[in-house]
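Engineer: Have a look at this fold, sequence not included:
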């Protein structure tokens, strides 16, 4: 698939950090950064911008906050063709936590919000635009939102100045037909905006769903290296780059960092396709219960998790 | 997706056996059999029918041969709703190795052949039909076959008495658009036959491609439990059953056997998504070089494999 408008965003540090509270070594973050630059990746999401009032610096590593000194320790002035992004969660950051673009090596702020926070999301995103950043809005967990509510959120987004809106499969619960349906809805509501996609791999569909959004016209595509991300993880950046035939991308540096840094990390962290993540994915539930289970000493007891989760769901129905 | 014509074939023992020369314990095979019966799986492919002239019994376990006494030790008379299948490879079996259906607990023989063996494949399949079996033909490695040759093979198959023909993604190299293209070709050429699909997971697309074939009308779908199969493995039977909304299927027994038998086996055997399999998949190469690499002490040296494989490919071009 060659389409020159397509951009790839590597979210390894940001989404992967959800697995270890962003306690990556500088060596690791630098290796991912170097690999992404060399691979021709367009954007690297290097962490969150968060308020210290919302999160403890004792528990969370530097990539939960993306302070300028930490960023520059890794990227210097980022004199590369790759742009740097950080995510901001509504309610966990104040305007004052975001410096003017002229004082930051970051190029983009990605605002993540739920449908019921859409006004706050647009306000924060436009505030970041006024400070000089590129922005996008990731509208999360739409697999649990009714169509009427989603349509209203898309109308609100269509009226905003934000130029890029992400379809997000937060729970890894979507099949290709749902992706196609939602992409058509987003395109119809947001004809002048770029549509992005961020998937999760609970049902081994993150890459396939990303391809489906490309077919349907998405031009901002998220990946993480070897899928390193929350729970089941994400679409592998290495998969995405082998699929995209654009000669600006090279998969070899990504394979090298997988061998040098990501595989060794698998000894400490487990992400990817495990049965508890499949269970929350196909039941369209937030993965938090599965993540908690996988962190416990009961992690291999899939049957108890399955029965417990099915029962909880019945109670909800 | 509810369509009553859909049947699921679990190939865990047959395809998984490619990873350990079919040296499964009886306990393991019985557990898989019991789980499939309880899960409502329609067919279980329990191994190969092979000639002892083609393969050594020293090196290969009983499921490479599927002798009647071995089968019955596990399944008795198979007084269940699940049918039993075995695969036969052209050139590795003679007619005499196949008993009449009246003397066998097997219900189906699946003939695997390449395009250049299509005459032999049809002849063997029709021979098995005459002996009383259901049959199907798996036409392998079509990702490397020119369209003219494939069209001719499909014409030959259309004239045969064989009622079920499989689209097979032998190298795990196909994307959804190729799947849709081929499914339409198979349907047009074989309007009165059932189309099946067997995928491999080199690019994490085995499940997604199976869904695409369902959308396009395939009604015989292969899975293996937790994807246990050659190299990158296959579409997970557990994924397939959660996708199919047909009430005859239950995923719980499959999750149980994953916990009890498949996860412990991961300590001895490695299959699934690894970079060498991605490399052969996206380059549309047979996985044998990646399997050999993963069996060697160089298995974690992805870069050398990548460079060697890219170079070999250039030599071929």
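Structural biologist: Good, I have the coordinates. No experiment lies behind these values; they were computed from the predicted model shown.
Engineer: and the stretch 151-300 of chain A, which residues reach chain B?
Structural biologist: Contact residues (C-beta under 8 Å from any C-beta of the partner chain) of the stretch 151-300 of chain A with chain B: A:175-177, A:201, A:203-209, A:211-212, A:215, A:236, A:238-239, A:242-243, A:252, A:255-256, A:258-259, A:263, A:275, A:278, A:282, A:300. Quick note: C-beta positions are derived from backbone N, CA and C, even for glycine.
Engineer: Among the residues you listed, the buried ones, what's the PyMOL command?
Structural biologist: This is how PyMOL selects the buried members of those, with burial counted by 16 or more other C-beta atoms under 10 Å in any protein chain shown:
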select buried, chain A and resi 175+176+201+203+204+205+206+207+208+209+211+212+215+236+238+239+242+243+255+256+258+259+275+278+282
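Engineer: Angles on the backbone of residue A:85, please.
Structural biologist: Backbone torsions for residue A:85, taken as degrees, to the nearest 10, come to phi -130, psi 150.
Engineer: picking that back up, from the residues of the stretch 151-300 of chain A next to chain B, which land in helices?
Structural biologist: A:176-177, A:206-209, A:211-212, A:215, A:238-239, A:242-243, A:252, A:255-256, A:263, A:275, A:278, A:282 (DSSP state H).
Engineer: Residues touching the helix or strand hosting residue A:74, excluding its own?
Structural biologist: Residue A:74 is part of helix A:68-75, with elements assigned from DSSP states H and E. With contact meaning C-beta atoms under 8 Å, 6 or more residues apart in numbering or on different chains, helix A:68-75 is reached by A:26, A:29-30, A:33, A:46, A:62-63, A:84, A:99, A:103-106.
Engineer: again with stretch A:49-63
Structural biologist: By C-beta under 8 Å, 6+ apart, stretch A:49-63 touches A:13-14, A:17, A:20-24, A:29, A:46-48, A:64-66, A:70, A:86-89, A:91-94, A:97-98, A:106, A:109.
Engineer: Mind doing that once more with 7 Å?
Structural biologist: Contact partners of stretch A:49-63, identified using C-beta atoms under 7 Å, 6 or more residues apart in numbering or on different chains, comprise A:13, A:17, A:21-24, A:29, A:46-47, A:64-66, A:70, A:86, A:88, A:92-94, A:97-98, A:109.
Engineer: Out of the residues you listed, list just those in strands.
Structural biologist: Using DSSP state E, A:46-47, A:86, A:88, A:109 are the members of the contacts of stretch A:49-63 that sit in strands.
Engineer: From the residues you listed, pick the one nearest residue B:122.
Structural biologist: residue A:46 (58.2 Å; C-beta to C-beta).
Engineer: what about the closest residue to the closest one other than its chain neighbours, how many neighbours?
Structural biologist: Leaving aside its chain neighbours, residue A:46 sits nearest to residue A:13 (5.1 Å; criterion: C-beta to C-beta, 6 or more residues apart in numbering or on different chains). Counted with other C-beta atoms under 10 Å in any protein chain shown, residues neighbouring residue A:13 total 27.
Engineer: Low-confidence bits of the stretch 51-200 of chain A, can you list those?
Structural biologist: Applying pLDDT under 70 to the stretch 51-200 of chain A flags no residue at all.
Engineer: Now render the contacts of helix A:68-75 as JSON lines, adding neighbour count and distance to residue A:7.
Structural biologist: JSON lines is the format used below for these (neighbours: other C-beta atoms under 10 Å in any protein chain shown; distance: C-beta to C-beta, whole Å):
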{"residue": "A:26", "neighbour count": "11", "distance to residue A:7": "27"}
{"residue": "A:29", "neighbour count": "26", "distance to residue A:7": "21"}
{"residue": "A:30", "neighbour count": "15", "distance to residue A:7": "23"}
{"residue": "A:33", "neighbour count": "23", "distance to residue A:7": "17"}
{"residue": "A:46", "neighbour count": "30", "distance to residue A:7": "16"}
{"residue": "A:62", "neighbour count": "21", "distance to residue A:7": "26"}
{"residue": "A:63", "neighbour count": "26", "distance to residue A:7": "21"}
{"residue": "A:84", "neighbour count": "22", "distance to residue A:7": "13"}
{"residue": "A:99", "neighbour count": "15", "distance to residue A:7": "24"}
{"residue": "A:103", "neighbour count": "11", "distance to residue A:7": "25"}
{"residue": "A:104", "neighbour count": "21", "distance to residue A:7": "20"}
{"residue": "A:105", "neighbour count": "17", "distance to residue A:7": "19"}
{"residue": "A:106", "neighbour count": "25", "distance to residue A:7": "16"}
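Engineer: TSV for these, including distance to residue B:138?
Structural biologist: Formatted as TSV, the contacts of helix A:68-75 follow (distance: C-beta to C-beta, whole Å):
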residue	distance to residue B:138
A:26	51
A:29	47
A:30	48
A:33	46
A:46	47
A:62	53
A:63	48
A:84	49
A:99	61
A:103	62
A:104	57
A:105	55
A:106	52
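Engineer: From these, which land in helices?
Structural biologist: Per DSSP H, those map to helices at A:26, A:29-30, A:33.
Engineer: got any ranges where the stretch 201-317 of chain A has weak pLDDT?
Structural biologist: A:314-317.
Engineer: Doesn't residue A:138 belong to a helix?
Structural biologist: No: counting by DSSP: H, G, I helix; E, B strand; the rest coil, residue A:138 is located in no helix; its state is strand.
Engineer: distance of the closest residue to chain B within chain A from residue B:85?
Structural biologist: Across chain A, the shortest distance to chain B (C-beta to the nearest C-beta) belongs to residue A:208, at 3.0 Å. For residue A:208, the distance to residue B:85 (C-beta to C-beta, to the nearest Å) stands at 27 Å.
Engineer: Repeat that for residue A:287.
Structural biologist: 36 Å.
Engineer: sorry, back to before: got a list of what the closest residue to the residue of chain A closest to chain B other than its chain neighbours touches?
Structural biologist: Once flanking residues are discounted, residue A:208 sits nearest to residue B:208: 3.0 Å by C-beta to C-beta, 6+ apart. Residue B:208 makes contact with A:176, A:205, A:208, B:176, according to C-beta under 7 Å, 6+ apart.
Engineer: Residue A:182 contacts residue A:167, correct?
Structural biologist: Yes: Residue A:182 is within contact range of residue A:167, at 5.6 Å (criterion: C-beta atoms under 7 Å).
Engineer: OK, contacts around the nearest residue to residue A:85 once chain neighbours are set aside?
Structural biologist: Distance criterion C-beta to C-beta, 6+ apart; nearest residue to residue A:85, sequence neighbours excluded, is residue A:108 at 3.9 Å. By C-beta under 7 Å, 6+ apart, residue A:108 lies in contact with A:43, A:83, A:85, A:133-136.
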